[in-house]
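K.L.:
No sequence on hand, only this structure:
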């Protein structure tokens with residue numbers, strides 16, 4: 001009987017947490033160990049197999065891996081996975097000679113890509129080395145898409161952006177800048193073998209309230225950031241209101257400070273627990289003395305004799321249930337806040353006025369193309385979407401994953417094979433044992449707290465628009481930070497028929513995550529654990545019945561720190577530490593498949 005209804009094999013293990021949490025999976029502990037050894041170039045290249053922009057995402061990633069980091073289980077802060085990507089990028093050697101190149105002869109297939117953003121560039125990265133002729137149509141005079149126009153240079157320097165985009169273009173792609181696509185019908189007439197749409201979500205949401213069109217000092221957030229990026233906007237009024245509290249709003253408020261504003265307020269309709277902005281983005285804005293005002297709902301713009309002088313808000317009060325959900329909203333007051341400029345950062349929408357509606361590309365009720373979530377193909381065969389253009393605004397790492405999957409589909413489409421017949425992902429295990437008491441990884445538990453990212457001094461960072469605020473980890477900082485990794489790719493693997501029930505593993509376990517107990521129901525097993533469960537939703541693992549007593553070995557994975565002491569102490573080898581290697585197929589693997 002398996003009381004937990006989990007792993008039914010004679011081995012049990014937990015697959016890698018932080019890698020599965022990221023949509024573009026990568027060997028996170030693997031490149032962290034390479035960084036620990038000072039092998040920065042290898043770490044960069046390993047990371048780049050799935051995340052094609054390590055230097056970019058090492059600065060601006062939304063970090064979906066970090067909430068899943070095992071370090072969260074023993075303390076409040078995860079390993080700084082995102083910032084360690086930057087460590088590898090900043091300290092590596094030139095990698096251009098190690099990147100793939102297009103073959104001398106193409107395979108005769110031409111692919112059109114609309115937009116030179118992260119999803120389109122990922123498609124090029126995957127298909128150009130296979131001989132596909134990739135033609136990128138970019139409306140602006142520089143590539144990068146929203147990475148360039150919506151992420152300020154004080155967060156993402158242009159030279160970092162240019163370098164990593166250049167690596168992909170140099171593989172072998174034709175980049176047509178200042179070439180917007182005005183008609184999908186006209187593009188289809190050029191007889192490309194496939195078309196990929198990676199045009200982002202370029203339409204900022206507006207706020208239609210009284211006074212909206214009575215002043216030219218009311219700006220749409222993403223358009224305003226774009227204007228700053230290309231040098232068209234160089235100043236702003238002294239008092240600025242930012243409406244909205246997502247990551248774009250954080251970029252807007254911090255940009256306003258660098259354009260000369262000295263009183264910047266971010267106006268939020270709901271309490272902080274409902275904010276969409278990442279906590280670290282909020283912290284950076286507040287460090288720069290941006291005021292975040294909660295529970296204020298916009299009601300009207302105040303325009304006097306053609307000049308914007310303020311904005312009127314309803315001040316709200318909320319009631320909540322025991323789970324923090326809003327149950328009631330009450331208007332308690334009305335206030336007017338003075339300002340010289342207002343920036344609307346309340347969201348983004350897809351916009352496809354250039355796609356004719358008689359081409360077989362179906363749109364849903366929100367006027368967004370219907371996209372297959374597995375193949376990224378539209379309802380017209382051969383036309384694919386990815387990034388924000390596919391499913392609305394998300395983040396760069398999701399767009400990268402969309403590009404990888406769309407590249408597989410485009411390859412299969414061009415080769416005339418089933419788009420859904422895709423190689424599976426998988427996990428393989430190999431022993432990490434190098435001796436009786438030696439492992440191929442550092443298994444010491446380091447109690448150090450997460451390293452704080454050093455920043456440019458507050459007064460200096462406002463001297464120019466492009467002064468990068470984050471300085472990157474020092475050598476001592478990243479040496480300490482990599483040791484905080486709890487090696488979630490190293491699994492405790494247990495072989496039941498080798499166990500002699502000596503209790504050595506239980507005695508030596510520093511966190512009391514192991515127990516041998518009668519094979520009873522789940523509630524009975526939980527009552528027999530050595531340490532109380534900290535998270536009842538986290539599975540615990542049970543072995544097959546042990547041969548001597550028919551009891552079972554139980555492990556609370558939520559407590560385990562992967563130290564390997566159980567395997568070191570076991571006299572029979574019933575315990576082993578084994579490395580999980582995630583197998584992720586890309587277009588090149590489908591091509592090798594034939």
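P.N.:
Perfect, I can see it now. Just so you know, these numbers come straight off a predicted model, no measurement behind them.

K.L.:
gap between stretch 364-379 and the chain center?
P.N.:
Distance, stretch centre to chain centre, for stretch 364-379: 22 Å (C-alpha atoms, centre = their mean, to the nearest Å).

K.L.:
cool, stretch 135-154 as well?
P.N.:
19 Å.

K.L.:
Straight-line length of that stretch, end to end?
P.N.:
This stretch, stretch 135-154, spans 31 Å end to end (C-alpha to C-alpha, to the nearest Å).

K.L.:
Stretch 511-529 too?
P.N.:
Separation of the first and last residues of stretch 511-529 by C-alpha to C-alpha is 12 Å.

K.L.:
what's in contact with it?
P.N.:
1, 3-4, 501, 503, 505-506, 530-531, 533, 540, 542, 545-546, 550-561, 566 (C-beta atoms under 8 Å, 6 or more residues apart in numbering). Any C-beta I mention is one placed from the backbone N, CA and C, and that applies to glycine too.

K.L.:
Go again with 6 Å.
P.N.:
With C-beta atoms under 6 Å, 6 or more residues apart in numbering as the test, stretch 511-529 has contacts from 1, 3, 505-506, 530-531, 545, 551-556, 559-561.

K.L.:
so what does the longest helix along the chain touch, helix or strand wise?
P.N.:
Longest helix in the chain by number of residues (criterion: DSSP state H): helix 396-414. Contact here means 3 or more C-beta pairs under 6 Å, 6 or more residues apart in numbering; DSSP states H and E; on that basis helix 396-414 packs against helix 118-127, strand 194-197, helix 587-593.

K.L.:
quick one: which of the contacts of stretch 511-529 sit in strands?
P.N.:
With strands taken from DSSP state E, the overlap with the contacts of stretch 511-529 comprises 552-556.

K.L.:
In CSV, list these along with distance to residue 443 and neighbour count.
P.N.:
Below are those laid out as CSV (distance: C-beta to C-beta, whole Å; neighbours: other C-beta atoms under 10 Å):
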residue, distance to residue 443, neighbour count
552, 26, 23
553, 20, 25
554, 22, 23
555, 17, 24
556, 19, 23
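
K.L.:
Dump those residues into CSV; add pLDDT as well.
P.N.:
Below are these laid out as CSV (pLDDT from 0 to 100):
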residue, pLDDT
552, 93
553, 94
554, 92
555, 91
556, 88
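
K.L.:
so which of those would you say is closest to residue 422?
P.N.:
Proximity of those to residue 422 (C-beta to C-beta) peaks at residue 555, which lies at 33.6 Å.

K.L.:
sorry, back to before: of the ones in strands among the contacts of stretch 511-529, closest to residue 492?
P.N.:
Distances from residue 492 to the ones in strands among the contacts of stretch 511-529, taken by C-beta to C-beta, are shortest for residue 555, at 6.7 Å.

K.L.:
Quickly note the distance from the closest one to residue 222.
P.N.:
As for residue 555, its distance to residue 222 is 48 Å (criterion: C-beta to C-beta, to the nearest Å).

K.L.:
after the least confident helix or strand in the chain by mean pLDDT, next one along is what?
P.N.:
When the helices and strands of the chain are compared on mean pLDDT, DSSP states H and E, helix 17-21 comes out lowest with a mean of 64. Per DSSP states H and E, helix 17-21 leads on to helix 28-36 as the next helix or strand towards the C-terminus.

K.L.:
That next one packs against which elements?
P.N.:
On a contact count with 3+ C-beta pairs under 6 Å, 6+ apart, helix 28-36 meets helix 40-48, helix 81-91, helix 475-483.

K.L.:
what's the closest of these to residue 69?
P.N.:
Of all the helices and strands packed on helix 28-36, helix 81-91 comes closest under C-beta to C-beta, at 6.6 Å.

K.L.:
Most widely separated two among the contacts of stretch 511-529?
P.N.:
The distance between the two most remote of the contacts of stretch 511-529 (C-beta to C-beta) is 29.0 Å, for 1 and 561.

K.L.:
Mind checking which of those two has more residues around it?
P.N.:
Comparing residue 1 with residue 561 by neighbour count (other C-beta atoms under 10 Å), the higher total belongs to residue 561, at 18 against 11.

K.L.:
so what's that one up against?
P.N.:
Residue 561 neighbours (C-beta under 6 Å, 6+ apart): 445, 486, 511.

K.L.:
how about 7 Å then?
P.N.:
By C-beta atoms under 7 Å, 6 or more residues apart in numbering, the residues touching residue 561 are 74, 445, 486, 511.

K.L.:
any weak-confidence spans in the stretch 1-150 of the chain?
P.N.:
Applying pLDDT under 70 to the stretch 1-150 of the chain flags the ranges 1-21, 24-26.
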